[in-house]
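**Student:** Below is the sequence, then the predicted model.
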Amino acid sequence: MRATSLRKGENAALSPAPVLLSVSVSVQGPASDVSALLLGTRGKVRGDHDLVFYNHPAQDGVSVSGSVVTADLGRVPADVDRLAVVVSVDPGQPGGVFTRAPVLTISQPGATELSFTAPDFTSGETVVVLAELYRRDGGWKVRAVGQGYASGLAGLATDYGVDVEPPAPAPVPVQKPRAPSAVVDLAKVERVAPALVAPARQASRALAVRGIGQRRAAVYLLLDHGWNMEELYESFAVQAFAERVLALSANLDDDGTVPVLFSSGDQPFLEDIRLDNYRGRIDQLHTQVDWGWGNVAAAMRHAVGHYRESGAQDPAFIVTQVGDEPWDKAEVRSLLQNTASLGVFWLFVGFGRGKLAFYKNLDASTGARFPNVAFYDASKNPGAVPDERFYAGLVDGFAMWMRS
């Protein structure tokens, strides 16, 4: 019987029969442990006994044996709403992380076998929630999740309410912002892109006033390409926004280039905007990208992967323009948490007509603080915001993080 492959976020119906969930880790991957979580209607465990693992291998119809979780769905109590299948790096393997995602196989007697392989990981993930089994209309379904945590079991415990005391992990080196050997010279802007000299100087003043006028960073730009942004692309508002970010980057990174990612679908479109090609560049590039529901999490993952592969020694300043709420809020939060130790700072810049409450209230909505995150509301028309106020909004949070 052929297996059906699930993509991330997809679900499938299950029969009432016992279900086997088998986890396979790449031979090049780290030694790992498989576990399961029994969750109530609020997405939290009822108590510490709801963590099923090698030291507590069975609970209320759910058991773990090696790399296989067995769920006898008919025996699961009514107050258990979901089951999460988790794979984690063996704590006896310091420094081990997932890069290639583990493969999950889901089988039931007489049913078509299901399989799921999450996208590869790039942020030092040590724990992955592979799938969830959840109640729906009197039955059960399975959803492919693939959410990773670089914060290990502690991060998992925060989300699911588990009181765990894992062995003390090896300390993760935090990449601190570094001072450059010399101040960036804006002569290149005057020579190659004279129309950007005025905003570049205003950006320079904003950085200097906040005490980071001589600091360096690799600047990235992520642009929402959802349907709600179409009018703002057509009016060149997004082009003007990108030009101002490019002018800022000239003060932080003298290569005159900003990688640009358009968040639309699971495969973000990556190009760049440079001092020597910026005129009409965004209008030229965005026509090569389909409209859709902007997948900001996929663009964030791609940007982090590009930054890490570049071997840059300076921190990353990732300016992420958002026009509406993300569809996968949990994954965005996980990415913010997982990149806090990588020298990555996220600035979410909201403009357009969509809802932005998620980005405005990140700290309040998660109960945790993200030291590497800030939000700037640039209004429905960022082009109408004067340079001085615009650059203050862009660099305030970044400057506080750089000085910390």
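**Tutor:** Thanks, I have the structure now. Computed from a predicted structure; not experimentally measured.
**Student:** close enough to count as contact, G96 and G124?
**Tutor:** No: the criterion here is CB atoms under 8 Å, and G96 misses it with G124 at 10.1 Å. In short, each C-beta sits where N, CA and C put it, glycine included.
**Student:** Neighbour count: those two, which is higher?
**Tutor:** Counted by other CB atoms under 10 Å, G96 and G124 do not tie: G124 has more neighbours, with 21 against 16.
**Student:** Check which helix or strand the more buried one maps to.
**Tutor:** Under the criterion DSSP states H and E, no helix or strand holds G124.
**Student:** Apart from its neighbours in sequence, what residue is nearest T70?
**Tutor:** In this structure, T70 finds its nearest non-sequential neighbour in S63, 5.0 Å apart by CB to CB, 6 or more residues apart in numbering.
**Student:** Phi, psi for that neighbour please.
**Tutor:** Main-chain dihedrals, S63, degrees, to the nearest 10: phi -140, psi 160.
**Student:** Tell me the spacing between it and L14.
**Tutor:** 17 Å (CB to CB, to the nearest Å).
**Student:** quick one, which of those two is more surrounded?
**Tutor:** For S63 versus L14, the count of surrounding residues by other CB under 10 Å is larger for L14: 20 against 16.
**Student:** Now do the nearest residue to the more buried one once chain neighbours are set aside against V87, distance only.
**Tutor:** Distances taken as CB to CB, 6+ apart place W140 nearest to L14, at 4.4 Å, with adjacent residues excluded. Here W140 is placed at a distance of 21 Å from V87 (CB to CB).
**Student:** More neighbours: the two, which one.
**Tutor:** V87 (24 against 20).
**Student:** re earlier: what mean pLDDT does the strand or helix carrying the residue nearest to L14 get?
**Tutor:** Assigned by DSSP H and E, W140 belongs to strand 139-149. On average, the pLDDT along strand 139-149 is 89.
**Student:** K360: neighbouring residues, count only.
**Tutor:** If you count neighbours by other CB under 10 Å, K360 ends up with 14.
**Student:** so it touches D377, yeah?
**Tutor:** Yes: with contact defined as CB under 8 Å, K360 counts as touching D377 (7.2 Å).
**Student:** any idea which helix or strand comes after the lowest-mean-pLDDT helix or strand in the chain?
**Tutor:** When the helices and strands of the chain are scored by mean pLDDT, DSSP states H and E, helix 362-366 comes last with a mean of 54. Toward the C-terminus, helix 362-366 is succeeded by strand 373-377 as the next helix or strand (DSSP H and E).
**Student:** Just the CA atoms of that following strand, as PDB, please.
**Tutor:** Output in PDB follows, covering the C-alpha atoms of strand 373-377 (Å, rounded to 0.1, in the frame of the first residue of the first chain):
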ATOM      1  CA  VAL A 373      12.500  42.100  18.400                       C
ATOM      2  CA  ALA A 374      10.900  45.500  17.900                       C
ATOM      3  CA  PHE A 375       7.800  46.800  16.000                       C
ATOM      4  CA  TYR A 376       7.400  50.100  14.200                       C
ATOM      5  CA  ASP A 377       4.000  51.200  12.800                       C
END
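**Student:** Quickly run through the sheet partners of it, with directions.
**Tutor:** strand 344-350 (parallel) (DSSP bridges).
**Student:** immediately after the partner strand, which helix or strand?
**Tutor:** Assignment by DSSP H and E places the next element after strand 344-350 at helix 357-360.
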